[in-house]
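J.: build the 3D model from these lines:
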Amino acid sequence: MSTIEELKADLAKLRDEAKVQVHLGAMEAREEWDELETKWHHFVAEARLQESGGNIKAALQVLADELRSAYLRLKKAL
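T.: I've put the predicted structure just below:
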């Protein structure tokens with residue numbers, strides 16, 4: 001499994017856990033979730049283009065780090 005695939009699987013797991021908690025959480029969590037969903041869809045789309053250059057890989061890592069931090073922060077807040 002490639003590093004991007006592992007990263008995607010890890011983020012998908014965190015996303016699923018956060019999604020369950022968001023459904024049980026407050027409205028402000030819903031707003032943050034909606035923002036994260038936009039970033040998630042962007043990440044998935046960019047991951048499909050990973051073979052087109054190293055710049056995309058670096059950008060994906062930054063976005064993945066941001067998503068991971070936000071999912072963990074949201075999960076902890078609920």
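J.: which other residues reach the helix or strand hosting residue 57?
T.: If you go by DSSP states H and E, residue 57 is part of helix 54-77. Under the contact criterion C-beta atoms under 8 Å, 6 or more residues apart in numbering, helix 54-77 has outside partners 4, 7, 10-11, 14-15, 17-18, 21-22, 25, 29, 32-33, 36, 39-40, 42-43, 46-47, 49-50. Just so you know, the C-beta spots here come from the backbone N, C-alpha and C atoms, and that holds for glycine as well.
J.: just the buried ones from these?
T.: 4, 7, 11, 14-15, 18, 21-22, 25, 29, 32-33, 36, 40, 43, 46-47, 50 (16 or more other C-beta atoms under 10 Å).
J.: mind pulling up the pLDDT for the residue most central in space within the chain?
T.: In the chain, the residue lying closest to the centroid (C-alpha atoms, centre = their mean) is residue 67, at 3.9 Å. pLDDT recorded at residue 67 is 93.
J.: how about low-confidence regions in the protein?
T.: Residues of the chain that meet the criterion pLDDT under 70 lie in 1, 50-54.
J.: redo that, cut-off 90
T.: 1-5, 18-33, 43-61, 73-78 (pLDDT under 90).
J.: who are the packing partners of the helix or strand harbouring residue 40?
T.: Using DSSP H and E, residue 40 sits within helix 27-48. If you count contacts as 3 or more C-beta pairs under 8 Å, 6 or more residues apart in numbering; DSSP states H and E, helix 27-48 packs onto helix 3-24, helix 54-77.
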